[in-house]
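Colleague: Attaching a predicted model along with its sequence, questions to come.
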Amino acid sequence: MEKNSEANALGHLKLHLTGKVVVVGIGNTLRSDDGIGSILAARLQDKVPYIVYDGSSSPENYLGKIIKDTPDTILLIDAVDFGGEAGEIRFLEGEDIQTVNFFSTHDASISLAISYLKNSLKSAGIFILAIQPKILVFGDKLSPEIKGALSQIEEWFTNG
């Protein structure tokens, strides 16, 4: 795991979580590391000053709620294969979001969800906290690298 990348990602996160914030964890907890977004959402619920949803593998089910919340900032947290080291954390924004290859079971739905949110909430900033997975096989165990990233991100959110 690259420390510079992590510090950079979490530094960007701090700068962009402004105004009314909605955090959406995305992932399938039955596909190993792919579940990190959902697991993190469950851990952050009622511990942060943000609206937190566990979008699981169907984040499109929360679009109406997110739009109704009228957030200034939307942060999606997901396992994303960007070719990094397992457990590496990246903060994606703007054009980066459009060029990411979403690989998991929710790949089409996340791209459509982002597009829909951009069209519906034109002034909201939409960002992704992407974590490079190691394993995506059927099962509920996280790799050690993803466990480390999960702890680090949770610590950042709860202790700043």
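Modeller: Yep, it's here. Since the structure is predicted, the reported quantities are computational estimates derived from the model, not experimental observations.
Colleague: which helix in the protein runs the most residues?
Modeller: When the chain is parsed with DSSP state H, its longest helix is helix 144-159.
Colleague: Could you list the buried residues of that one?
Modeller: Of the residues in helix 144-159, 145-146, 148-150, 152-154, 156-157 count as buried by neighbour count, 16 or more other CB atoms under 10 Å. For every residue, glycine as well, the C-beta is placed using N, CA and C.
Colleague: mind listing what Ile26 touches?
Modeller: Ile26 makes contact with 37-38, 55-57, 59, 76-78, 106, 110, according to CB atoms under 8 Å, 6 or more residues apart in numbering.
Colleague: Please tabulate the buried residues of helix 144-159 in CSV, including the columns distance to Leu10.
Modeller: Shown next, in CSV, are these (distance: CB to CB, whole Å):
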residue, distance to Leu10
Glu145, 17
Ile146, 16
Gly148, 14
Ala149, 11
Leu150, 13
Gln152, 8
Ile153, 8
Glu154, 12
Trp156, 5
Phe157, 10
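Colleague: and which of those residues is nearest to Lys20?
Modeller: For the buried residues of helix 144-159, the minimum distance to Lys20 (CB to CB) is 16.3 Å, reached by Phe157.
Colleague: That closest one: what's it in contact with?
Modeller: Residues in contact with Phe157 (CB under 8 Å, 6+ apart) are 44, 47-48.
Colleague: That one and Ser111, how far apart?
Modeller: Counting by CB to CB, to the nearest Å, the separation of Phe157 from Ser111 is 25 Å.
Colleague: So which residues of the protein form helices?
Modeller: Using DSSP H, helices in the chain cover 3-16, 36-44, 63-69, 95-99, 107-120, 144-159.
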